[in-house]
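Student: Kindly generate the corresponding structure for this input.
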Amino acid sequence: MSVGSLMDFKDSIYLTSEEKSYRLKELSKSVTNGETDEEMIPFLDQLNMNPHICTAQCCSGHGSGKAHVSIRTDYKFEDLWKRIAPIMHNYNNTPISVQLMQDFGMPRYTFWFVDKWKHSIKILIDALKDDK
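Tutor: Numbers count the residues shown, from 1 in each chain. Modelled structure (predicted):
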């Protein structure tokens, strides 16, 4: 399959290996060009190690204390929810919330972190580990 843009995956409910490959190449370009928040890169790398997940967008909050990361996944919603529900409400005084969004018919999940976002994103990474 020759891929030219994200539109090639439009209306795909679940992440495919082709889409993940495309997104990781785009992320690599973004990192090389300095377009990705540098302090997010190690966390994106950890999330992208999971074969069922690919990061789609992120922001470190630029000093505001508010950060977010969006993912695409091949997990069915109920399987994803089983992993993230326990961390959603003020886990260790570190609130994490999730928003279902859509790009070109493709659902993505955006996780929002307030204050201590680096601690919160580590909790999310642990909850999403492939070995669970």
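
Student: Buried residues of the helix or strand where R23 lies, list them for me.
Tutor: With secondary structure defined by DSSP states H and E, R23 is part of helix 17-32. Neighbour-count burial for helix 17-32, with 16 or more other CB atoms under 10 Å as criterion, is recorded at 19-20, 22-23, 27, 31. All C-beta atoms are positioned from the backbone trio N, CA, C, and that covers glycine.

Student: again, but for stretch 75-92
Tutor: Neighbour count says stretch 75-92 has 75, 80, 83-84, 87 buried, by 16+ other CB under 10 Å.

Student: Tell me which stretches of this protein form helices.
Tutor: For the chain, helices defined by DSSP state H occupy the ranges 17-32, 41-48, 77-84, 117-127.

Student: quick revisit: between the buried residues of helix 17-32, which is nearest P107?
Tutor: Within the set of the buried residues of helix 17-32, E19 lies nearest P107; the separation is 12.4 Å, counting by CB to CB.

Student: from what I can see G65 touches D115, true?
Tutor: Yes. Contact criterion CB atoms under 8 Å: G65 and D115 qualify, at 5.0 Å.

Student: Could you dump the buried residues of stretch 75-92 into CSV with distance to E38 and pLDDT added?
Tutor: As requested, the buried residues of stretch 75-92 are exported to CSV (distance: CB to CB, whole Å; pLDDT from 0 to 100):
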residue, distance to E38, pLDDT
Y75, 28, 92
L80, 28, 91
R83, 28, 89
I84, 26, 89
I87, 25, 81
